[in-house]
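**Student:** requesting a structural model of the entry that follows:
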Amino acid sequence: MTSAAIVSKVWSFCTTLRDDGVSYGDYLEQLTYLIFLKMADEYSRPPYNRNVGIPPKYSWQTLKSKRGAELEVHYVTLLRELGKNKGMLGQIFTKAQNKIQDPAKLSRLIDMVDDTNWVMLGADVKGDIYEGLLEKNAEDTKSGAGQYFTPRALIRAMVECIRPEPGKTIADPASGTGGFFLSAYDFLVANFRLDKKQKEFLKHETFAGNEIVANTRRLCLMNIFLHNIGEVDGDSMISPNDSLVADNGTRYDYVLTNPPFGKKSSMSFTNDEGEQERDDLTYNRQDFWATTSNKQLNFIQHIHTMLKSTGRAAVVVPDNVLFEGGAGETVRKKLLETTELHTILRLPTGIFYANGVKANVLFFDNREASPNPWTRDIWFYDYRTNIHHTLKKKPLRYDDLKDFIACYNSFNRHERKETWNAATNPEGRWRKFTREQIVARDKTSLDIFWLKDKSLADLDNLPEPDDLAAEIIENVEAGLNSFRLIVGDLA
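**Tutor:** Have a look, this model is predicted:
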C-alpha cells in the first residue's frame, strides 16, 4: 500500500470508532499497543531474529488467532501482563486498558494493523501517520490533550535557532508527546552527513526526557520509536519521574522544552499505580535560587541545573515568568548573572491548544562561574502586537516565524542588527535592550513592549470580527488563568 492509502485507512477507521464513543485519545492508545506488538513480531522474524521480550502466549499471532469474546479476554490479559515488563515494553503498556468494547471492531483494527509491514515502512511515513493522530487528539479540547502538544511550527523554529550538532545530548524535562525530540532529530538528519558512530549516538544516546503522565509518556515513546529513535527491545529514554523533585546529576548540551502551564499543585493526577495524587506545593532543592510554588520558575531553575557549563536552552514560558515579583525577580536576576540570556520571542495568543495562553520563548546559554554578570544585551522579537492567529482559520505556520529566525542569526548572533528605529522604523519587531536597562526596571521585569496596538489606535484597522472575538476570548481566558495563579498563592 502507498503511504497515502495507509493514512486514509487509519483515519477512516478512527472515524468509525468515534461513532461508538471511542475518542481520538482512546483510539490512539489502542493503535499504539497494536502497532508496537506488530513491529515486535516483525523484528522477531528473519532477517532480524531478535528476542524482543514478549512471551509467545502474548505475541501478535495470538491476537490474530482469536475472535469474539475470547479475543477481548485475551487482549485485556495481554495488556495487563505486558505492563509488568521493564524498559520501553513496560512503559508502553503501563496501565494499559482496552477501550474498544466491540470485539468485532477490535478484530478489524488488528487486521488493519496486520496488513502493513511497519518495520519496512519509512520512518517519515510512520511518523506522519502518528503525528497526525496526535494533533487530532490535541484538537479534542474535552480530553485536555492539547496541553501536551506544542505547535510544531514553533518547535521547528526553536530548533532552527538552537541548531543542535551531532554527538551532543538533548533533554526535555517535560516531554509531552516528544515534539522537540522529533524536530531535533529531523534537523540533525537533514543538515549533517552523519557517519555510522554519529547515527548510533543519535538513535540511542542523544535524547532523554521526563513525562509523569502515563498516557502521554506512552504516546511520546511510541512517537519517537516510530521516528526511528530507540529500540523495540531497548530501555525507555523517557523517565516517569517528576523531573523537578531532584537533580539526577546528568548534564546536557541542549534543553528544548515547553513545561506545563498552570499550577499542577492545585490539580490531582493519577500515578502509575492508579492512585490519585496531588503535587507538592514547593520543591526544596539546594541547587534552586528560590523556593516557590510557581512551576514555571521551578522549571527555569531546574533547566539551569541540567545544562552543561557550555549548554544552551530554549524554553517556552508564560508571561508571569517575565514579570512576577518575589521568587520571579530572584530567578530573573540570577538568570542574568549566571547565564547569557540573549533572546526573547514574544508569542501571540491563539496558537496553543490550551486557551488563553500568553507565552514567550527564552533562549539562554549557560556559562561558567564568573564575578561579572554574563548577560550583556537581550534581544526581543515582538511577534504578538497586531498579530492574530486562531487554531482553525489561521494557525501558526513555520513561515510566520522565518523573519524571527533570520533576525536571530544563529550562525553569528553577535552580528545582529535591530529592525526597530524610533525615527525610521517605529514598527520594527526586533529590538535590543541592555542589561542596565533591564535591571533598572521594576522587579527586573522582562515584560517589554514598544509597538503600538493598532486595534486600539485606529478603528479603521480593526481585525476581522471572528478574529476579534477569538482574541477577546483568549484575553478573558488569560485573565482567568492569572487569577487562578493568584488564588493558588493565597491557598
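**Student:** so the residue of the chain most remote from its centre: helix, strand or coil?
**Tutor:** In terms of distance from the mean C-alpha position of the chain, residue 423 ranks first, at 40.3 Å (CA atoms, centre = their mean). Following DSSP: H, G, I helix; E, B strand; the rest coil, we place residue 423 in the coil state.
**Student:** hmm, residue 161 is touching residue 405, no?
**Tutor:** Yes. Contact criterion CB atoms under 8 Å: residue 161 and residue 405 qualify, at 6.1 Å. Backbone N, C-alpha and C define where each C-beta goes, glycine included.
**Student:** neighbour count for the two, which is higher?
**Tutor:** Legend: neighbour count by other CB atoms under 10 Å for residue 161 and residue 405, higher for residue 161 (21 against 17).
**Student:** got the phi and psi for the spatially closest residue to that one that is not a sequence neighbour?
**Tutor:** Excluding its sequence neighbours, the residue lying closest to residue 161 (CB to CB, 6 or more residues apart in numbering) is residue 408, at 4.7 Å. Phi and psi for residue 408, reported as degrees, to the nearest 10, are phi -60, psi -40.
**Student:** next, count neighbours for residue 408.
**Tutor:** 24.
**Student:** I'd say it and residue 159 touch.
**Tutor:** No. The pair residue 408 and residue 159 does not pass the contact test of CB under 8 Å, sitting 11.8 Å apart.
**Student:** what helices and strands are in contact with the helix or strand where residue 180 lies?
**Tutor:** For residue 180, the element it lies in under DSSP states H and E is helix 179-191. Contacts defined by 3 or more CB pairs under 8 Å, 6 or more residues apart in numbering; DSSP states H and E place helix 179-191 against helix 152-162, strand 170-172, helix 196-204, strand 207-210, helix 214-226, strand 252-257.
**Student:** what's the shortest one packed up against?
**Tutor:** Packed against strand 170-172, as judged by 3+ CB pairs under 8 Å, 6+ apart, are the following elements: helix 179-191, strand 207-210, strand 252-257.
**Student:** okay, the angle between the last one and helix 179-191?
**Tutor:** Spelled out, it's strand 252-257. Here strand 252-257 runs at an angle of 120 degrees relative to helix 179-191 (axes from the mean of the first three to the mean of the last three CA atoms, to 10 degrees).
**Student:** pairing partners for strand 252-257, with directions?
**Tutor:** Taking DSSP bridges as the criterion, strand 252-257 forms sheet pairs with strand 170-172 (parallel), strand 307-318 (parallel).
**Student:** show me where pLDDT drops low in the stretch 351-491 of the chain?
**Tutor:** 456-464, 466-468, 470-471, 474-475, 477-479, 481-491 (pLDDT under 70).
**Student:** helices of that one, start to end?
**Tutor:** Per DSSP state H, counting those that start in this stretch, the stretch 351-491 of the chain carries helices over the ranges 402-408, 435-439, 454-457, 465-490.
**Student:** and residue 351, what does it touch?
**Tutor:** Neighbour list for residue 351: 151, 154, 389, 391, 395-396 [criterion: CB atoms under 8 Å, 6 or more residues apart in numbering].
**Student:** now the helices and strands packed on helix 179-191 as TSV including mean pLDDT and distance to residue 186?
**Tutor:** Converted to TSV, those look like this (pLDDT from 0 to 100; distance: least, CB to CB, whole Å):
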stretch	mean pLDDT	distance to residue 186
helix 152-162	96	8
strand 170-172	98	12
helix 196-204	96	11
strand 207-210	97	13
helix 214-226	91	12
strand 252-257	98	13
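**Student:** what ranges in the stretch 201-350 of the chain fall below the confidence cut-off?
**Tutor:** Counting by pLDDT under 70, the stretch 201-350 of the chain contains low-confidence ranges at 262-281.
**Student:** report pLDDT for the residue nearest to residue 192 when sequence neighbours are not counted.
**Tutor:** In space, residue 192 comes closest to residue 166 once its chain neighbours are excluded; the distance is 5.2 Å by CB to CB, 6+ apart. pLDDT, residue 166: 98.
**Student:** which ones are touching residue 166?
**Tutor:** Residues near residue 166 by CB under 8 Å, 6+ apart: 188, 192, 194, 198, 201-202.
**Student:** let's go with 7 Å and repeat that
**Tutor:** 188, 192, 194, 198, 202 (CB atoms under 7 Å, 6 or more residues apart in numbering).
**Student:** as JSON lines, those residues with distance to residue 61 and neighbour count would be great.
**Tutor:** Output for the contacts of residue 166, formatted as JSON lines (distance: CB to CB, whole Å; neighbours: other CB atoms under 10 Å):
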{"residue": "188", "distance to residue 61": "37", "neighbour count": "23"}
{"residue": "192", "distance to residue 61": "40", "neighbour count": "14"}
{"residue": "194", "distance to residue 61": "36", "neighbour count": "15"}
{"residue": "198", "distance to residue 61": "37", "neighbour count": "16"}
{"residue": "202", "distance to residue 61": "33", "neighbour count": "22"}
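**Student:** I'd guessed residue 37 sits against residue 60; true?
**Tutor:** Yes. Counting by CB atoms under 7 Å, residue 37 does reach residue 60; the two are 4.8 Å apart.
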